[in-house]
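Enquirer: just coords:
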């Protein structure tokens with residue numbers, strides 16, 4: 001009897017081990033996305049007007065630093081999959097998080113020249129792009145198909161946490177000065193790097209593609225290309241709230257940094273709810289129907305500031321954009337899994353190229369905005385108009401017939 005009990009206990013322990021490992025690996029992915037994107041990109045939103053107000057940089061200079069991050073993000077996304085084939089994913093992710101942490105500390109000294117800040121912001125963008133491509137796909141390689149939908153949503157939850165940090169924490173820290181803010185971000189990133197250092201999966205298991213993989217690939221190549229364009233257009237629609245929201249409200253509308261930060265907090269509230277809401281929708285109605293639901297909501301979010309800049313209109317706009325930003329990104333990630341047809345290497349390539357594509361769109365947008373902000377008072381109106389058009393086009397593209405539909409376009413399994 002004791003032997004049976006011990007054997008049963010050992011068996012139960014073995015069954016729990018995969019769940020524990022996946023849970024820890026998912027936590028590592030959350031930490032990485034928080035450092036590489038949540039802090040490096042989203043926490044910069046309230047920093048941007050503060051840098052101008054404190055005289056560190058001009059309006060155009062501060063916008064150029066945001067563009068530098070997006071430019072670096074493109075190269076990180078572009079080369080992430082290639083680097084992961086030559087270097088251990090664990091080593092890459094540890095280095096990426098460490099370099100991002102150092103970039104914050106390097107920006108704490110106001111006396112350094114502009115090129116110093118530009119280089120470190122570009123470096124943090126590169127590591128963010130690398131993390132976006134490598135971290136989630138590394139974790140998903142260890143997850144059973146039935147759990148991948150939920151894990152993909154959770155592994156990108158660091159984006160939501162970064163938005164919360166930008167909206168709730170950064171305004172408080174900024175009262176103590178910009179140097180303290182940069183150092184605080186650096187210390188937090190170092191702590192997260194240390195916390196996740198030893199819990200990354202040791203290797204990515206090889207799982208051969210299904211028997212009809214090559215046949216699927218021929219029929220889905222057009223769908224993949226259309227997916228890149230659709231995701232890029234959606235990324236354009238993310239830009240006003242994701243990068244420029246606080247600066248738009250604080251300076252362009254003249255309502256001050258505190259008010260701008262409060263609206264960013266509304267955006268943050270939506271970004272926390274979004275992954276759970278869209279994850280639930282995906283488990284019930286499927287990935288593509290969820291995209292078709294989310295993209296019109298995103299379009300409404302960027303349309304509202306053009307119709308009215310009242311507090312209510314801006315609050316609804318911020319909340320709806322928050323619902324869509326991380327949730328739709330994770331849904332596009334799930335769509336790339338469908339298009340990969342079960343081939344994990346192909347999934348990493350598709351997702352890497354998609355991430356690089358949106359990085360190009362967003363970097364071009366950011367550099368153009370940096371130019372317009374310094375030369376015209378209507379820069380943000382132009383940005384919102386382009387965002388509305390992009391959201392409408394992204395929605396319309398999902399109805400374009402491309403070859404044969406495959407049976408892989410299914411649903412997220414319910415999270416249990």
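Expert: Good, I have the coordinates. Predicted model only: the values in this text are computed from it and were never measured. Numbering: from 1, shown residues only.

Enquirer: list the contacts of residue 313.
Expert: 304, 305, 307 (CB atoms under 8 Å, 6 or more residues apart in numbering). The way it works is simple: take the backbone N, C-alpha and C, and place the C-beta from them, glycine included.

Enquirer: tell me the one among those residues nearest to residue 165.
Expert: Closest approach to residue 165 among the contacts of residue 313 (CB to CB): residue 305, at 23.5 Å.

Enquirer: what sits against the closest one?
Expert: 240, 248, 313, 314, 317, 384.

Enquirer: how about the helices in the stretch 51-200 of the chain?
Expert: Applying DSSP state H, counting those that start in this stretch to the stretch 51-200 of the chain gives helices spanning 59-86, 89-106, 114-140, 148-155, 157-164, 170-174, 178-196.

Enquirer: in JSON lines: these, plus mean pLDDT and mean neighbour count.
Expert: Output for these, formatted as JSON lines (pLDDT from 0 to 100; neighbours: other CB atoms under 10 Å):
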{"stretch": "helix 59-86", "mean pLDDT": "86", "mean neighbour count": "22"}
{"stretch": "helix 89-106", "mean pLDDT": "94", "mean neighbour count": "22"}
{"stretch": "helix 114-140", "mean pLDDT": "90", "mean neighbour count": "25"}
{"stretch": "helix 148-155", "mean pLDDT": "71", "mean neighbour count": "25"}
{"stretch": "helix 157-164", "mean pLDDT": "84", "mean neighbour count": "26"}
{"stretch": "helix 170-174", "mean pLDDT": "84", "mean neighbour count": "19"}
{"stretch": "helix 178-196", "mean pLDDT": "94", "mean neighbour count": "19"}
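
Enquirer: need those in TSV with distance to residue 346, can you?
Expert: Below are the helices of the stretch 51-200 of the chain laid out as TSV (distance: least, CB to CB, whole Å):
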stretch	distance to residue 346
helix 59-86	10
helix 89-106	16
helix 114-140	11
helix 148-155	15
helix 157-164	24
helix 170-174	39
helix 178-196	27
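
Enquirer: to residue 288, which of the ones you listed lies closest?
Expert: That would be helix 148-155 among those, by CB to CB, at 13.1 Å.

Enquirer: got a list of what residue 269 touches?
Expert: For residue 269, the contact set (CB under 8 Å, 6+ apart) comprises 319, 322.

Enquirer: now find how far off-centre the helix or strand hosting it is within its chain.
Expert: Counting by DSSP states H and E, the element that carries residue 269 is helix 256-285. Relative to the centre of its chain, helix 256-285 is centred 13 Å away, using CA atoms, centre = their mean, to the nearest Å.

Enquirer: how about it: buried residues?
Expert: 257, 259-272, 274-283 (16 or more other CB atoms under 10 Å).

Enquirer: what residues of the helix or strand that comes right after that helix count as buried?
Expert: Going down the chain from helix 256-285, the next helix or strand is helix 287-307, by DSSP H and E. For helix 287-307, the neighbour count (16+ other CB under 10 Å) marks 287-288, 290-291, 293-295, 297-305 as buried.

Enquirer: report the lowest-confidence entry in the residues you listed.
Expert: On pLDDT alone, residue 287 ranks lowest of these, at 82.

Enquirer: look up how far residue 151 lies from it.
Expert: 14 Å (CB to CB, to the nearest Å).

Enquirer: repeat that for residue 56.
Expert: 40 Å.

Enquirer: cool, residue 181 as well?
Expert: Distance from residue 181 to residue 151, by CB to CB: 32 Å.

Enquirer: immediately after whichever strand or helix holds residue 356, which helix or strand?
Expert: Using DSSP H and E, residue 356 falls within helix 344-373. Downstream of helix 344-373, the next assigned helix or strand under DSSP H and E is helix 379-397.
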